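Asker: for reference, the sequence and a predicted model appear below.
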Amino acid sequence: MQLTLWTYEGPPHVGAMRIAASMRGVHYVLHAPQGDTYADLLFTMIERRGQRPPVTYTTFQARDLGGDTAELVKRHVREAVDRFQPDALLVGESCTAELIQDQPGALAQGMGLEMPVVTLELPAYSKKENWGAAETLYQLVRSLLKSQVPEQASHNPLAWKQEGRRPRVNLLGPSLLGFRCRDDVLEVQRLLTLHGIDVGVVAPLGAGVDDLSRLPAADLNVCLYPEVAESSCIWLERNFGMPFTRTVPIGIGATHDFLRELHGLLGMDPPDTREGHQRSRLPWYSESVDSTYLTGKRVFIFGDGTHALAAARICREELGFEVVGLGTYSREMARPVRAAAKAMGLEALISDDYLAVEAAMAEAAPELVLGTQMERHSAKRLGIPCAVISTPMHVQDVPARTSPQMAWEGANVIFDAWVHPLMMGLEEHLIGMFRHDFEFVDGHQSHLGHAGGSGAAGDSAEAELSDVPELGDDALVWTADGEAELRKIPFFVRGKVKRNAEAYARQAGCREISSETLYDAKAHYKA
């Protein structure tokens, strides 16, 4: 096991907790020591919810290990059932409790409880959070629907025509602590309504046990988040014959493909190919003169599989960016990410080591990073603009306003979130280039009438703007003309140029790096 400062995913029992907290009438009894109860903070701090997740911890201590911890489990199960009266009970163990092998699920199954008891076997030392969420939803669906499974799977997605009603679909996969799931559901529901399609069940977000029992009543399932819902969709297809969509509607092209796939499965007329241009501003901007500034911008992408794949397609096909790096921490989606990277002439980065991702990012020298909260921190250190497109996320990535990623309005949100950092980056670069002009120094008056000033305050501002230290750790000294020349280089490649120049100076035995040394280094690395 590797010790790390940050991690992209928590252990699988956190994924199970996400499913329990997303649903109504579901309670989770987690066999765990006191130290494993930290996960509550994820929901109160990140999701900013007014209530803690529906979880009862056994919270055993070291002194309990010498006694009957099995009886401790049964007591907490009994207390949770009496207090919360759930419609379904999830029972599992944390990574620490897994070592004790108390088998809390089997203990709960033997207690004769009236409600369904779903045992969760989540291998904490080989699987992660998203897998835990997918497995929990799968086990819930399977346990609640196994009595309804027909002898022979048969399902007619065109039954809505015979029954004289509108087509009906389920939206599967959105959950708490997912990236903008609440907002995506609202936007996809709005999109489906425009196309005359009703939504039967949204699960797990906001669903109850009775809702899961109604899943087969829909004409088909929409798999919004494959990391969480794909295994459940496959089980429903195999046992009930219910088809499900494979396209995730993030971006203009993917949203159109999603509608075309959905209409085809339901036997509806194909959607209007111009709809995206009519309902989103992203296509208009991509075809405008202003967008020429964005053409060819180098972009590095890393996140969960769903959002990384969607971002790569949007960058390449809809904004004219050049994707110089693509990867994911979701090993369950490594295959499609590798295929997408190969199609772009890249080798996918499949890793859960944020330091390896930062190193790959620095090597690629992009002009924009699309990643998680961790890539935002790494990009800040490298001086590169960044937009967060995936979990793990900070509280600032869970806005109180509606801010979807899916469908037509989601494309508008993506356009704003990705283009604005590039525009601000251009502004910072221009300010850096013209920093020494009269507009910025020598007491120039602003439109408010305040002098720019000189002396101590001006010197302090200049020192804050400079990103080149006078003396490096290895005694390399940048001369004044060397610093001035380095500042002329665009911010998004300045770090790489600086590293190359210092490496060349060491190799050549130079103690000082002047403008001439910069030119020599440039010639050396181009040769």
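Answerer: Okay, I see it. Numbering: from 1, shown residues only.
Asker: is residue 101 part of a helix or strand, or is it coil?
Answerer: At residue 101, secondary structure determined by DSSP: H, G, I helix; E, B strand; the rest coil is coil.
Asker: against residue 121, how distant is it?
Answerer: 12 Å (Cβ to Cβ, to the nearest Å). (Each C-beta comes from the backbone N, C-alpha and C, glycine too.)
Asker: same check on residue 341?
Answerer: Per Cβ to Cβ, residue 341 is found 33 Å from residue 121.
Asker: could you point out the helix or strand that follows the helix or strand of the chain with the lowest mean pLDDT?
Answerer: Least confident element among the helices and strands of the chain, by mean pLDDT, DSSP states H and E: helix 456-465 (a mean of 41). Downstream of helix 456-465, the next assigned helix or strand under DSSP states H and E is strand 477-478.
Asker: state the mean pLDDT of that following strand.
Answerer: For strand 477-478, mean pLDDT is 90.
Asker: can you check stretch 351-365 too?
Answerer: 94.
Asker: same thing with stretch 510-527?
Answerer: pLDDT averaged over stretch 510-527 gives 85.
Asker: can you check stretch 243-260 too?
Answerer: pLDDT averaged over stretch 243-260 gives 97.
Asker: from here on, count from 10
Answerer: From this message on, residue numbering opens at 10, which makes the last subject stretch 252-269.
Asker: wouldn't residue 159 be in contact with residue 249 here?
Answerer: Yes - using Cβ atoms under 8 Å, residue 159 is in contact with residue 249, at 7.1 Å.
Asker: who has more neighbours, these two?
Answerer: Higher neighbour count among residue 159 and residue 249: residue 249, with 17 against 11, using other Cβ atoms under 10 Å.
Asker: about what we covered before: comparing residue 350 and residue 130, which residue is more hemmed in?
Answerer: residue 350 (23 against 12).
Asker: okay, the more buried one: pLDDT?
Answerer: Note for residue 350: predicted pLDDT of 97.
Asker: how about it, nearest residue that isn't a chain neighbour?
Answerer: Nearest residue to residue 350, sequence neighbours excluded (Cβ to Cβ, 6 or more residues apart in numbering): residue 357, at 3.7 Å.
Asker: before we move on, what about residue 167?
Answerer: Closest residue to residue 167 apart from its sequence neighbours, by Cβ to Cβ, 6+ apart: residue 276 at 4.6 Å.
Asker: got the contact list for the one you found?
Answerer: Residues counted as contacts of residue 276 (Cβ atoms under 8 Å, 6 or more residues apart in numbering) are 166, 167, 170.
Asker: helix/strand/coil for the last one?
Answerer: Right, the one you point to is residue 170. Residue 170 ends up helix, using three-state DSSP.
Asker: likewise for the first one?
Answerer: With three-state DSSP as the basis, residue 166 sits in coil.
Asker: residues contacting it?
Answerer: 176, 228, 229, 251, 252, 274, 275, 276.
Asker: swap in the last one?
Answerer: Counting by Cβ under 8 Å, 6+ apart, residue 170 makes contact with residue 276.
Asker: against residue 228, how distant is it?
Answerer: 10 Å.
Asker: could you do the second one as well?
Answerer: Taking Cβ to Cβ as the criterion, residue 167 is separated from residue 228 by 8 Å.
Asker: joint contacts of those two?
Answerer: Listed contacts common to residue 167 and residue 228 are residue 275; contacts here mean Cβ under 8 Å, 6+ apart.
Asker: who's more crowded, these two?
Answerer: More crowded of residue 167 and residue 228, by other Cβ under 10 Å: residue 228, with 26 against 13.
Asker: out of everything not next to it in sequence, what's closest to that one?
Answerer: Computed as Cβ to Cβ, 6+ apart, the closest residue to residue 228 that is not its neighbour in sequence is residue 166, at 4.6 Å.
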